[in-house]
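Peer 1: return a 3D structure for these sequence lines:
(2 chains)
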Amino acid sequence: MNNNNHSEPSSPAPANASDVADSSDAANTKREVTFFDQPRNVALILKTFYALCIILVLLDFFVHRHIYVYFETIPAFYALYGFVACVVLVVLAKIMRKGLMRDEHYYDARIDEQDTPTLNDSPQATATKEAQS
Amino acid sequence: MSYAIPAFLPFFLAAMFAWVAPIKWRYALVLVPLINGLWLFFSPSPSPMMLDVHVFQLQLVAVDQLSLLFAYLFHIACFICLIYGLHSKDKVQLVAGLAYAGSAVGAVFAGDFITLFIFWELLALTSAFLVFARRTEAARNAGIRYLMMHILSGVALLIAAIMHYRATGSLDITYIGLDSAASYLFLFAFGIKAAFPFLHGWLADAYPEATPVGTVFLSAFTTKVAIYMLARTFPGEEVLVYIGAAMTCFPIFYAVIENDLRKVLAYSLINQLGFMVCGIGIGTALALNGAVAHAFNDVIFKGLLFMSMGAVLHRVGHVNGSDLGGLVKTMPKTALFCIVGAASISAFPLFSGFVSKSMVMAAMIEAGHEYLWLMLLFASAGVFHHAGIKIPFFAFFAHDSGLRPKEAPTNMLVAMGLASVLCILIGSFPEVLYQMLPWENTYMPYDLTHTLTQLQLLFFSALAFVWLNKMGLYPPELKSVNLDVEYLYRKVLPAMGNKCQAAGDVITQNILHAATSVLNLIPKMNRDADASAATLTLRMAIGFVLLALVALVTELM
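Peer 2: Down below sits the predicted model:
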């Protein structure tokens, strides 16, 4: 039932530019290797993202920010704070997990809910789902 | 044409109509909030309406700019929700949804606490059916728990209203301020609905259990009515600043480790409510405007996020982050709308969160709460982390789960599209919203400092996400539940109750045992024929002697 496509492009996909463009905006065609499947594209997105981050920090030194609170005098205060805040958030949350995490069925047995997802909207599955709703 | 009916009436009539009419009429009912809302918007401000009940005069409709703004908001929300639910032929959801929206409209127009109490309870009752409508065991139980909390809130409100009336002789909804027992009870009643810390269990418990459509309805009304009431009765109450700051921070930790993506959104809803409560607590015109504007935007962008996850739930059957991923391949439009919602909630420039959240932040600095401001900034970064990145990333991107669901039904896409347009419209042209705000407003969201600092904050939060993922430090999505305050009433209280009952049983057993042994001590007559009559006579004789002794003793004392 699973038209599993972990057929990640292990070999470099022979995708020319037009191919990529096609698959990105028509993702639910039959084409299996879409825009986000290609490591090349992901790398490109990440590189753009890093470049933007650097530009934003550099701007901090050229643009005169209004200062309302004395913390803000720290160079690139917002960038540092955003980064540190998120790392702290995640680390604390991970520690929280040790004390608070329980099994999925801790409160409710949830026997009347489908547990394993039906992997595809086969015509029959869709029909029954439509009928139910 | 002047608006001369109570604004909630069309909703209740529509709900009654939906109850009896064939379900295919649901398409027509979408027009009810649309027409009513437009009529309300374009007519001169509706006249107040009174209702004489015995010696009381109930102010059924009391209108000012604040109540009007919330009424417009609830009309928009109801309209979008109804479109979102058009694919469903479930009458329960339709009737409950309409009545729920009507109750919310009634509550914001209520001029006195008795009228408010009626709509307050109606809100609880009607919304519970949106949870029940999921028709699973877990949803039924969650719905009952939800109802209990909200009835508690209603009862507290009623008692507070009575106390308030006895103290002041007035039931008008005006500024209360924390000074008497009644006012604390009011705060408790509103606090339950506004999901204050430790009273928030119902929200994270019931919202993820409701139907896909139900959760969108739920996220729009209940909590915003509470925010509206707080803005009316407790503006400038210092303690709210601290409560609000706590509300912005603690839920984001849960949101990071939660697996059910709708529960993540429920936590982030509490976080957004925190910003509003902070604004109300500061109480300056800027802060109150910020709180109200943020409530307005939150209904739309949080609704949009719940809609996108509802679409996933509708197509896939669950929204567990651990089993999703790669859905962008077959649900690109839903993914796009989800990203718009995510950008709005994270307050990206040009999206709606940016123009309202910043008002609260700016007011926080003006009021001199620098460390609380740092907490809000932490929460802003955290919001982007869990609602802005985690939701779209784990659902639509991340590793390929192999799921290939169909794109969401057209009506859902239309509803999400409408909400997306509103998010971008308000974010790009904030005057649309600002001119409706009840207090004097001169705030300009778009200046270089604000835009740059916000972009820095968001980009580096995202950078942290990327870095943590690359380092493998990011907590994986695990099938799990996390203990929250609901643990108290789902595990501890029942366990204590069971123990009390067991202890009670033991005591009852012992008493019974002792009683029977005492009874057995009483002598019996062992004759064959009329034994019972003889025994009875003997016991009566003993009883008589005892009574005589008691009489003698009391006489002597």
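
Peer 1: what's the average pLDDT for the helix or strand B:Leu73 falls within?
Peer 2: Here B:Leu73 is covered by helix B:65-84, with elements defined by DSSP states H and E. When pLDDT is averaged over helix B:65-84, the result is 95.

Peer 1: quick check: domain ranges of chain A?
Peer 2: A:16-63, A:66-102 (automatic domain parsing).

Peer 1: report the buried residues of the last one.
Peer 2: Okay, so that is domain A:66-102. Neighbour counts over domain A:66-102 (16 or more other Cβ atoms under 10 Å in any protein chain shown) mark A:72, A:76-79, A:81-83, A:85-87, A:89-90, A:93-94, A:96-97, A:100-101 as buried. In this view, the C-beta of every residue, glycine as well, is placed from N, C-alpha and C.

Peer 1: list the buried residues for the helix or strand hosting A:Cys53?
Peer 2: Following DSSP H and E, one finds A:Cys53 within helix A:39-62. For helix A:39-62, the neighbour count (16+ other Cβ under 10 Å) marks A:Asn41, A:Cys53, A:Leu56, A:Val57, A:Asp60 as buried.

Peer 1: ok, and which of those reach chain B?
Peer 2: When Cβ under 8 Å from any Cβ of the partner chain is applied, the members of the buried residues of helix A:39-62 adjacent to chain B are A:Cys53, A:Leu56, A:Val57, A:Asp60.

Peer 1: please enumerate the strands of the chain.
Peer 2: Using chain A here. Using DSSP state E, the strands of chain A run over A:101-102.

Peer 1: was after chain B, sorry
Peer 2: With DSSP E as the criterion, chain B has strands at B:49-53, B:56-61, B:481-482.

Peer 1: can you give me how far the longest one is from the chain middle?
Peer 2: When you say that, I think you mean strand B:56-61. When distances are taken as Cα atoms, centre = their mean, to the nearest Å, strand B:56-61 is centred 26 Å away from the chain's centroid.

Peer 1: buried sites along it?
Peer 2: Within strand B:56-61, the residues that count as buried by 16+ other Cβ under 10 Å are B:Leu58, B:Gln59, B:Leu60, B:Val61.

Peer 1: now render these as TSV, adding pLDDT and distance to chain A.
Peer 2: Formatted as TSV, the buried residues of strand B:56-61 follow (pLDDT from 0 to 100; distance: Cβ to the nearest Cβ, whole Å):
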residue	pLDDT	distance to chain A
B:Leu58	88	40
B:Gln59	88	41
B:Leu60	88	37
B:Val61	89	37
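
Peer 1: distance of A:Asp108 relative to chain B?
Peer 2: Distance, A:Asp108 to chain B, by Cβ to the nearest Cβ, to the nearest Å: 4 Å.

Peer 1: can you tell me the closest non-neighbouring residue to that residue?
Peer 2: Leaving out its chain neighbours, the residue that sits closest to A:Asp108 by Cβ to Cβ, 6 or more residues apart in numbering or on different chains is B:Ala138, at 4.1 Å.

Peer 1: who touches the residue nearest to B:Met364 when sequence neighbours are not counted in this structure?
Peer 2: Counting by Cβ to Cβ, 6+ apart, B:Trp373 is the residue found nearest to B:Met364 once chain neighbours are left out, at 4.5 Å. Neighbour list for B:Trp373: A:Val69, B:Met361, B:Met364, B:Ile365 [criterion: Cβ atoms under 8 Å, 6 or more residues apart in numbering or on different chains].

Peer 1: 10 Å - rerun?
Peer 2: By Cβ atoms under 10 Å, 6 or more residues apart in numbering or on different chains, the residues touching B:Trp373 are A:68-69, A:71, B:245, B:278, B:360-367.

Peer 1: report pLDDT for the residue nearest to B:Val92 when sequence neighbours are not counted.
Peer 2: Excluding the flanking residues, the one nearest B:Val92 by Cβ to Cβ, 6+ apart is B:Ala133, at 4.7 Å. pLDDT recorded at B:Ala133 is 94.

Peer 1: what's around B:Ala133, how many residues?
Peer 2: When counting by other Cβ atoms under 10 Å in any protein chain shown, one arrives at 22 neighbours for B:Ala133.

Peer 1: got phi/psi on it?
Peer 2: Note on B:Ala133: its backbone torsions stand at phi -60, psi -10 [degrees, to the nearest 10].

Peer 1: circling back to that earlier point, pLDDT wise, what is the residue nearest to A:Asp108 at?
Peer 2: 91.

Peer 1: give me the neighbour count for it.
Peer 2: The number of residues packed near B:Ala138 is 20, by other Cβ under 10 Å.

Peer 1: hmm, it is touching B:Asp260, no?
Peer 2: No - if you go by Cβ atoms under 10 Å, B:Ala138 and B:Asp260 don't touch, sitting 11.3 Å apart.
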